[in-house]
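Engineer: my questions concern the predicted model and sequence given below.
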2 protein chains.
Amino acid sequence: MTRVLYHSWLDAGSRLVRIVLAEKSLEARLRLEKPWERRPDFLRLNPAGRVPVLVEDTHIFCDSIAICEYLDEAHGPLTQASDPPKEGATGPNSLIGGDLIERAEIRRLMGWFMGKFDHEVSALLINEKLLKRFLRMGEPDSSAIRSAHHNLGIHLNYIDFLAERRHYLGGAHFSMADACAAAHLSIIDYFGDIPWDRHLAARDWYMRVKSRRSLRLILQDRIPGLTPPRHYERPDF
Amino acid sequence: MTRVLYHSWLDAGSRLVRIVLAEKSLEARLRLEKPWERRPDFLRLNPAGRVPVLVEDTHIFCDSIAICEYLDEAHGPLTQASDPPKEGATGPNSLIGGDLIERAEIRRLMGWFMGKFDHEVSALLINEKLLKRFLRMGEPDSSAIRSAHHNLGIHLNYIDFLAERRHYLGGAHFSMADACAAAHLSIIDYFGDIPWDRHLAARDWYMRVKSRRSLRLILQDRIPGLTPPRHYERPDF
């Protein structure tokens, strides 16, 4: 089977799918797409015009969450709906957790990061710090950046809260919740915008996540003309 | 078991969960929440401060997609990950489809409506036409409304495209894709903003969906001081 992933720089959904592919030891050929160019062949793959898009032979998969759910169903056993919620109902390969309650909690956090965090932090910073530069849309808007930084502080407090109570954000094990959070935070960290020294529990969690091969792979990406801070790729900060 | 759904007026996620509950013949006590009041007891249920929130006894479920995935896993059999993709791998109770490919397509459309459509159409119209009024935030911004209407036309074209090829948006059967689309379109239709006569395939699909008991229930809601157009609740327009 040929597997191709259309992805883009500093795109959280693309990073998420790459993390999940690596966690499941699935190989994919990466193809860099600049969705803002609206390439007709790409729009035929995904009329939404967005990365990531995963192509396996003749099957086309779009939407980062839908892709991750697919990869988890195809490469990690599921609970039976008829089973009562219990610990360990799925094998170790599922990244969405064991029982119904755990799965709902992990999916709540997937929605939190891919929806709320994206809207309140990532989309603003990526627009101001990356897209405006590439599309020559003028100077960054400092009030948008301030607002994103304010929201980021609130989100980091919440990550602290979770990380003080759990080894990983969704529970005892690394899950799709960590993958979603790390996809976003690794982008904000590329800009050097995370005040890690004020969020030590979040920082400890991120160090645990950064030590995984799946994260190390995406932290090797470099955007031409934009250098990340020194600690960016170091697993121990 | 007690089941309570915290929901809000003209909130697509709330409507989606109510449709899914009704499709699965699950009873829930509805509790109207105004998330903008940021009631402390509600924020303890969902730190994201958003509706819908589903409470079953002591279990709290947040995020509309996570809630729907939970309800589908708890009340509709799933495919086995070890099964090869095939038709009819799940029972008739799953609203996310039978095989892996069908499930990925339905989830793509769930993401389309709860993400892209929400961002490009619903969020703009709800903000301008509903929230500004309730929160006394001043006059609606006509350029935001124009932009939402422009985007709506493009989305309706895409619904036409799907409805010309499939009986329901995600395939041959009513699915979570239809529920997500109907949750959003029913809100826009409350405002009387859908040019149905220019989108006949979408209109035929919406008539099929409107005839379901699950839709009829939510179409009975009335927002004080805001009257929907005459055709709003009529299954035949």
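Structural biologist: Perfect, I can see it now.
Engineer: list the buried ones in the lowest-mean-pLDDT helix or strand in chain A?
Structural biologist: Within chain A, judged by mean pLDDT, DSSP states H and E, the helix or strand with the poorest mean is helix A:132-134; its value is a mean of 83. Residues of helix A:132-134 classed as buried: A:Lys132 (neighbour count, 16 or more other CB atoms under 10 Å in any protein chain shown). Just so you know, the C-beta spots here come from the backbone N, C-alpha and C atoms, and that holds for glycine as well.
Engineer: quick one: contacts for the closest residue to A:Asp141 other than its chain neighbours?
Structural biologist: Computed as CB to CB, 6 or more residues apart in numbering or on different chains, the closest residue to A:Asp141 that is not its neighbour in sequence is A:Glu128, at 5.8 Å. By CB atoms under 8 Å, 6 or more residues apart in numbering or on different chains, the contact list for A:Glu128 reads A:Pro140, A:Asp141, A:Ala144, A:Ile145, A:Ala148.
Engineer: what helix or strand is the one residue sitting closest to the centre of chain A located in?
Structural biologist: Centroid check for chain A by CA atoms, centre = their mean gives A:Ala183 as the closest residue, at 2.6 Å. Counting by DSSP states H and E, the element that carries A:Ala183 is helix A:176-190.
Engineer: next: A:Arg31.
Structural biologist: Going by DSSP H and E, A:Arg31 is part of strand A:29-32.
Engineer: for that strand, what is the distance to the chain centroid?
Structural biologist: Its chain's C-alpha centre and that of strand A:29-32 lie 17 Å apart, by CA atoms, centre = their mean, to the nearest Å.
Engineer: what helices or strands is the helix or strand just after that strand leaning on?
Structural biologist: Using DSSP H and E, the helix or strand that follows strand A:29-32 in sequence is helix A:40-45. If you count contacts as 3 or more CB pairs under 8 Å, 6 or more residues apart in numbering or on different chains; DSSP states H and E, helix A:40-45 packs onto strand A:53-56.
Engineer: does chain B have contacts with the strand it packs on?
Structural biologist: No: Strand A:53-56 is not in contact with chain B by CB under 8 Å from any CB of the partner chain; minimum separation 9.2 Å.
Engineer: I'd like the average pLDDT over that strand.
Structural biologist: The average of the pLDDT scores along strand A:53-56 is 98.
Engineer: now do the following helix or strand past the helix holding A:Ala183 and helix A:176-190, the angle between them.
Structural biologist: Counting by DSSP H and E, the element after helix A:176-190 in chain order, helix or strand, is helix A:200-210. Using axes from the mean of the first three to the mean of the last three CA atoms, to 10 degrees, the direction of helix A:200-210 lies 100 degrees away from that of helix A:176-190.
Engineer: off-centre distance for helix A:200-210?
Structural biologist: 15 Å.
Engineer: give me the contacts around the helix or strand following it.
Structural biologist: Going down the chain from helix A:200-210, the next helix or strand is helix A:213-218, by DSSP H and E. By CB under 8 Å, 6+ apart, the surrounding residues in contact with helix A:213-218 are A:15, A:18-20, A:22-23, A:179, A:182-183, A:186, A:209-210, A:233, A:235.
Engineer: now the buried members of the residues you listed.
Structural biologist: Applying 16+ other CB under 10 Å to these flags A:15, A:18-20, A:22-23, A:179, A:182-183, A:186, A:209-210, A:233 as buried.
Engineer: where's the dip in pLDDT among the residues you listed?
Structural biologist: A:Glu233 (91).
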